[in-house]
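Asker: need the 3D shape of this:
(one chain, ligands or ions: 1)
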Amino acid sequence: MSATEPGAKTEVTMEEIVALCKRRGFVFPSSEIYGGLGSTYDYGHYGVLLKNNVKAEWWRAMLQERDDIVAIDSAILQHPRVWEASGHLEGFTDPLVQCLGKCKRRWREDHLREDLETEGKDPDGPLVCPSCGGELSEPRQFNLMFKTHIGPVADAGSEVYLRPETAQGIFINFKNVLSFARKKPPFGIAQIGKSFRNEITTGNFIFRTREFEQMEMEFFVPPAEAEKWHRHWMDERLRWYTELGIRPEFLRVRPHGPEELSHYSSATSDIEYLFPIGWSELEGIANRGDFDLTQHAKFSGEKLEYFDQATKERYVPHVIEPAAGADRAVLAFLVDAYDVEEVEGRTRTVLRLHPRLAPVKVAVLPLVSKDGLPERAREIFDSLRHKLPAEFDEGGSIGKRYRRQDEIGTPWGVTVDHRTLEDGTVTLRDRDTLEQVRLPADGLLEELTARLDRPWSTPKIR
Ligand code: GAP
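Answerer: Just a heads-up that it's a prediction; the model follows:
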């Protein structure tokens, strides 16, 4: 079955990804020693490095490679009026149904209807509990924002919310940024940060969690240019994923139907990825029109508009918003990279991550733990580590160490053997081709930097 057919599945299961993440220290269930806390996860060493690389690539694409976007890092706690103005207090709700039968579980009604549609049934037909077959309650609207209190007294006047999206921190700073950044529309403000949602339907590892990181950019444009920039950002964001190695046939763009649009959006298209749970949203690209700036102007009393000196025109810019999840992107990169192959009669699991995303770029391994090889290997490691994320590993057989590096996606391995002591050369092994070349140790840094700069595409494209 090809990736484009309905019901298509990835070749890797979520269980395999979860197991690899735990085994190799990418992601752990949170609060595990206390029995876990629903849908929260902790990132381990390699997970931190991988997620940092994903976020660094996003910043690179937004800031370094363009000159029309600036950065911001706004507070998680914001004035409660922000959420009134944004519509989240009223509109950020999911329809919730509860099983009235044996299991009493809660479900999202819209998800159950989507499942009916996927199964080829009438999406408006009767629903039963997917777990125990029991009758379901009438849907009830459930607000997804986490509430807390500011100050020592927990009364209604001290209520604040953990932000459910990073976007509003950008809109409320529109005026500040405009006054210092010397930008005029079209220009963007980009932010990466934590968001919080009291999600009902969870359980797909880091795909949907209650605390997650978003990578959002609000691009302010003259109203007449909104559609053009919406198309531009869909192309750009698709390119970002494919240049970082995601197989194009595992990505697709799906425009939202009118009933699906968020309260702020006049048009949204999702970039979907074929996750092990099926085609699902990876990133949303919305045309938010002038909704947010107009609302915040109304609620705050501040003018949030742009005055064009050249044309003497005053207008409220429209907003195009590529909104990605850092954790969801990490999951997509892991799923796309996961591969299992037979090599000389042995099974090897390998993460074919783009080298720029790989947590460790090079592992330096002494062939054996004696004869001065560890000491020489450490010198070589020290000569590389200041320029490249590198790892020194001398424990266990060389085969075992390579398998470990393959599973964390290290693109290159350097083996230091007895010949190194004689002629100063080492073996450089490529994770994907398994090709080994011999080269002088003092030329390693140049060779690795050149390899890291080369365009890369996954060998999983068959
Ligand atoms: N500001 C617009 C906005 O927040 P969204 O589609 O709700 O739009 C954007 O979220 C992206 O954030 C999603 O495409 C997804 O990648 C990520 N995201 C949203 N909810 C998430 C959750 N509960 N867990 C993990 N990632 C999530």
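
Asker: distance of the residue lying closest to Asp430 once chain neighbours are set aside relative to Ala441?
Answerer: Excluding its sequence neighbours, the residue lying closest to Asp430 (Cβ to Cβ, 6 or more residues apart in numbering) is Trp412, at 6.5 Å. For the C-beta atoms, the positions are set from N, CA and C on the backbone; glycine is no exception. Trp412 sits 13 Å away from Ala441, going by Cβ to Cβ, to the nearest Å.

Asker: report pLDDT for whichever residue of the chain sits closest to the ligand.
Answerer: Of the residues in the chain, the one nearest the ligand is Gly325, at a distance of 2.5 Å by Cβ to the nearest ligand atom. Gly325 is assigned 98 on the pLDDT scale.

Asker: if we can go back for a sec, residue contacts, the residue nearest to Asp430?
Answerer: When contacts are counted by Cβ atoms under 8 Å, 6 or more residues apart in numbering, Trp412 touches 355, 361-363, 428-431, 448, 451.

Asker: partner residues bridging it?
Answerer: Val362, Asp430 (DSSP bridges).

Asker: how about Gly325?
Answerer: Gln214.

Asker: for it, give me its contacts.
Answerer: Counting by Cβ under 8 Å, 6+ apart, Gly325 has contacts 212-215, 282-283.

Asker: helix, strand, or coil at Thr268?
Answerer: Using DSSP: H, G, I helix; E, B strand; the rest coil, the structure places Thr268 in strand.

Asker: pLDDT wise, what is Glu199 at?
Answerer: 88.

Asker: typo on my end, Phe142
Answerer: 83.

Asker: thinking Leu251 is in contact with Leu238, fair?
Answerer: Yes - if you go by Cβ atoms under 8 Å, Leu251 and Leu238 touch, sitting 6.4 Å apart.

Asker: neighbours around Ser300, how many?
Answerer: Ser300 is flanked by 15 other residues according to other Cβ atoms under 10 Å.

Asker: on that earlier part again, can you pick out the most distant pair from the contacts of Gly325?
Answerer: Longest distance between any two of the contacts of Gly325 is 14.0 Å, between Glu213 and Leu282; criterion Cβ to Cβ.

Asker: okay, these two: which has more neighbours?
Answerer: Leu282 (24 against 21).

Asker: quick check: that one touching Arg254?
Answerer: No - if you go by Cβ under 8 Å, Leu282 and Arg254 don't touch, sitting 10.5 Å apart.

Asker: shared neighbours of those two, which are they?
Answerer: Residues touching both Leu282 and Arg254 (Cβ under 8 Å, 6+ apart): 270, 272.

Asker: the lengthiest helix in the chain and the ligand, any residue contact?
Answerer: Using DSSP state H to define each element, the chain has its longest helix at helix 226-243. No - using Cβ under 6 Å from any ligand atom, helix 226-243 stays clear of the ligand, coming no nearer than 10.6 Å.

Asker: how about the residues of the protein by the ligand?
Answerer: Contact residues (Cβ under 6 Å from any ligand atom) of the chain with the ligand: 165, 167, 197, 199, 208-209, 212, 214, 216, 281-284, 321, 323-325, 327-328.

Asker: isn't Ser86 up against Gln295?
Answerer: Yes - at 6.5 Å, Ser86 counts as touching Gln295 under the criterion of Cβ under 8 Å.

Asker: neighbour count winner among these two?
Answerer: Between Ser86 and Gln295, counted using other Cβ under 10 Å, Ser86 has the larger neighbour count: 26 against 19.

Asker: show me what contacts that one?
Answerer: So Ser86 contacts 168, 171, 264, 292, 295-296 (Cβ under 8 Å, 6+ apart).

Asker: next one: phi and psi at it?
Answerer: phi -70, psi -20 (degrees, to the nearest 10).

Asker: please name the bridge partners of the nearest residue to Glu227 once chain neighbours are set aside.
Answerer: Using Cβ to Cβ, 6+ apart and skipping the chain neighbours, the partner closest in space to Glu227 is Asn287 (7.4 Å). Assessed by DSSP bridges, Asn287 has beta-bridge partners Ala267, Ile320.

Asker: what's around Asn287, how many residues?
Answerer: Around Asn287 there are 22 residues (other Cβ under 10 Å).

Asker: ok, it - contacts?
Answerer: Neighbours of Asn287 in contact, by Cβ under 8 Å, 6+ apart: 226-227, 230, 265-268, 318-321.

Asker: what's the neighbour count on Pro255?
Answerer: 12.

Asker: contacting residues for it?
Answerer: So, once contact is read as Cβ under 8 Å, 6+ apart, Pro255 ends up touching 267-269.

Asker: name the member of these with the most neighbours.
Answerer: Busiest of these [other Cβ under 10 Å] is Thr268, holding 22 neighbours.

Asker: and that residue, how close does it get to Lys312?
Answerer: Taken as Cβ to Cβ, the span from Thr268 to Lys312 is 33 Å.

Asker: now swap in Tyr161 and tell me
Answerer: Tyr161 is 40 Å from Lys312, where distance means Cβ to Cβ.

Asker: neighbour-wise, which of the two wins?
Answerer: Using other Cβ under 10 Å, the more surrounded residue of Tyr161 and Lys312 is Tyr161, with 21 against 7.

Asker: and the more buried one, what's its pLDDT?
Answerer: pLDDT for Tyr161: 96.

Asker: next one: Pro123
Answerer: So, for Pro123, pLDDT stands at 89.

Asker: and Thr10, by the same measure?
Answerer: What the model reports for Thr10 is a pLDDT of 62.

Asker: could you do the one 4 residues further on as well?
Answerer: In the prediction, the pLDDT value recorded for Met14 is 96.

Asker: just Arg462 next, same as before
Answerer: Reported pLDDT for Arg462: 48.

Asker: what are the phi and psi values for Tyr264?
Answerer: Dihedral angles (degrees, to the nearest 10) for Tyr264: phi -100, psi -10.

Asker: pretty sure it sits against Ala85.
Answerer: No - applying Cβ under 8 Å as the test, Tyr264 and Ala85 come out as separate, 10.7 Å apart.

Asker: can you give the distance from the regular element (helix or strand) spanning Thr449 to the centre of its chain?
Answerer: Assigned by DSSP states H and E, Thr449 belongs to helix 444-453. How far helix 444-453 lies from its chain's middle: 27 Å, per Cα atoms, centre = their mean, to the nearest Å.

Asker: this completes my enquiry, with thanks.
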